[in-house]
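Undergrad: I would like to see how this sequence folds:
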Amino acid sequence: MKFNRLIPELSVSDIQKSKEFYLMLGFHIMYERIDDKFCFLELEGNQIMIEEINDHWNVGELSYPFGRGINLSMEVFSFELIYQRLKENSYPLFKDIMYNEYMVDDKKYVDCEFLVQDPDGYLLRFTDASSD
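TA: Numbers count the residues shown, from 1 in each chain. The predicted model follows:
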């Protein structure tokens, strides 16, 4: 297994509920430590770790929505499939599909993306990899 050099670890209030959400999106469990309520997940090279709150890493009190001030951007080829799974499960989107333009030096990039919050309020931004 190859680990990314940066892997966010999210403290979650209910490991089972969070696992169900991420599996519904299409993530795969790469490994888990059940006794520690920890799970390592991957989707098309996007890696995250989730662990039920245990006070080992907390720097302050957690309250919903967790992760205020950050969004996790993930480029995926299964963009439409993830979107459909959310719709089929009546899961609310934070921002529906939209096109955003970003300038990098003299080049303009146009991303097709949508945003959703996980059960603890972490903001996930999915970008369509096939629109490159």
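Undergrad: what residues are up against residue 48?
TA: Neighbour list for residue 48: 7-10, 22, 27, 40-42, 72 [criterion: Cβ atoms under 8 Å, 6 or more residues apart in numbering]. The C-beta positions use only the backbone N, C-alpha and C, and glycine is treated the same way.
Undergrad: Would you mind giving those as CSV with distance to residue 129, neighbour count and pLDDT added?
TA: Output for the contacts of residue 48, formatted as CSV (distance: Cβ to Cβ, whole Å; neighbours: other Cβ atoms under 10 Å; pLDDT from 0 to 100):
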residue, distance to residue 129, neighbour count, pLDDT
7, 19, 13, 98
8, 19, 14, 97
9, 24, 12, 96
10, 22, 17, 96
22, 18, 22, 98
27, 16, 22, 98
40, 22, 20, 98
41, 18, 23, 98
42, 15, 19, 98
72, 15, 16, 98
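Undergrad: what's the closest of those residues to residue 122?
TA: Nearest to residue 122 among the contacts of residue 48 is residue 10, at 5.6 Å by Cβ to Cβ.
Undergrad: any idea which element the closest one lies in?
TA: Using DSSP states H and E, residue 10 maps to strand 9-12.
Undergrad: Could you list the residues in contact with that strand?
TA: With Cβ under 8 Å, 6+ apart, strand 9-12 has contacts from 18, 48-54, 57-58, 62, 66-67, 118-120, 122.
Undergrad: what pairs with that strand, and is each one parallel or antiparallel?
TA: strand 46-52 (parallel) (DSSP bridges).
Undergrad: circling back: between whichever helix or strand comes after the strand holding residue 10 and strand 46-52, how big is the angle?
TA: Using DSSP H and E, the helix or strand that follows strand 9-12 in sequence is helix 15-25. Following axes from the mean of the first three to the mean of the last three Cα atoms, to 10 degrees, one obtains 160 degrees for the angle between helix 15-25 and strand 46-52.
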